[in-house]
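K.L.:
let me see the structure of the following:
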Amino acid sequence: MSSSLITLIVLIAVAIWLVSIYNRLVSLRNRFKNAFAQIDVQLKRRYELIPNLVETAKAYLKHESITLEAVIVARQGAVTANDRAAMDPANPAAIQALITAETALTGTLGKLFALQENYPDLKADGTIQQLMEELTSTDNRVAFARQAYNDSVMEYNTSREMFPNNFIAGPFKFLPATSFEIDIAAEREAPKVSF
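P.N.:
From the prediction side, this is the model:
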């Protein structure tokens, strides 16, 4: 074998190896984007339940309009942030804005749930109970989808940081992905709902 043939074979092998690294990074990036799409589906379901909950609660909470309005405003902020994040789950600023909006929404929903204790008729309403049960179930699905997303993000970020993948990741704009985690321990807990 001539040295030029050996060089050509080595170059082809290196090219195939680099293409496989690139393709793996693409696959992992698509996987975490798909995992975010699952969060998006569950969050949209959550956002659809909230107006029904507020409308049903209005009849009982006439004197609590500030709390009800805060829930609606927080919901709208979360919907907007989710739409932005869904367009580009690889955008760290969009994911961080969604985390902030979801934290605010969870806090205002917690206040609404706390008010329920002061209104026994509200607590006994069958529609409210059903909506809260659906909301709790949806929140559980969001948590599972978020865990799958975070696992995909971790696998992608680990792969893009490993040697020699990092030499491909930088020039081809495989930027780090952001996990979807709530920062404050008290906000990690789901709101307590009692019937």
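
K.L.:
what pLDDT does Phe84 get?
P.N.:
To be clear, residue 84 is Arg; Phe isn't right here. Arg84 carries a pLDDT value of 96.

K.L.:
was I right about it contacting Leu98?
P.N.:
Yes. At 7.4 Å, Arg84 counts as touching Leu98 under the criterion of CB atoms under 8 Å. Placement of C-beta: from N, CA and C, glycine included.

K.L.:
out of these two, which sits in the busier spot?
P.N.:
When neighbours are counted by other CB atoms under 10 Å, Arg84 and Leu98 differ, and Leu98 comes out ahead with 27 against 16.

K.L.:
who touches the more buried one in this structure?
P.N.:
Applying CB atoms under 8 Å, 6 or more residues apart in numbering to Leu98 gives the contacts 78, 81-82, 84-85, 180.

K.L.:
how about a cut-off of 10 Å?
P.N.:
For Leu98, the contact set (CB atoms under 10 Å, 6 or more residues apart in numbering) comprises 36, 39-40, 43, 77-78, 80-86, 89, 91, 178, 180.

K.L.:
longest helix in the protein, please.
P.N.:
Ordering each helix of the chain by length in residues (DSSP state H) puts helix 3-58 first.

K.L.:
low pLDDT regions in this structure?
P.N.:
The chain contains residues with pLDDT under 70 at 1, 183-195.

K.L.:
now with 90, please.
P.N.:
Low-confidence segments of the chain, defined by pLDDT under 90: 1-2, 53, 55-67, 110-129, 131-132, 181-195.

K.L.:
so which residues of it form helices?
P.N.:
Counting by DSSP H, the helices of the chain are 3-58, 65-87, 92-116, 120-124, 126-161, 165-169, 185-188.

K.L.:
against Arg160, how distant is Pro171?
P.N.:
The spacing between Pro171 and Arg160, counted by CB to CB, to the nearest Å, is 12 Å.

K.L.:
more neighbours, these two?
P.N.:
Using other CB under 10 Å as the criterion, Pro171 and Arg160 rank with Arg160 on top: 22 against 7.
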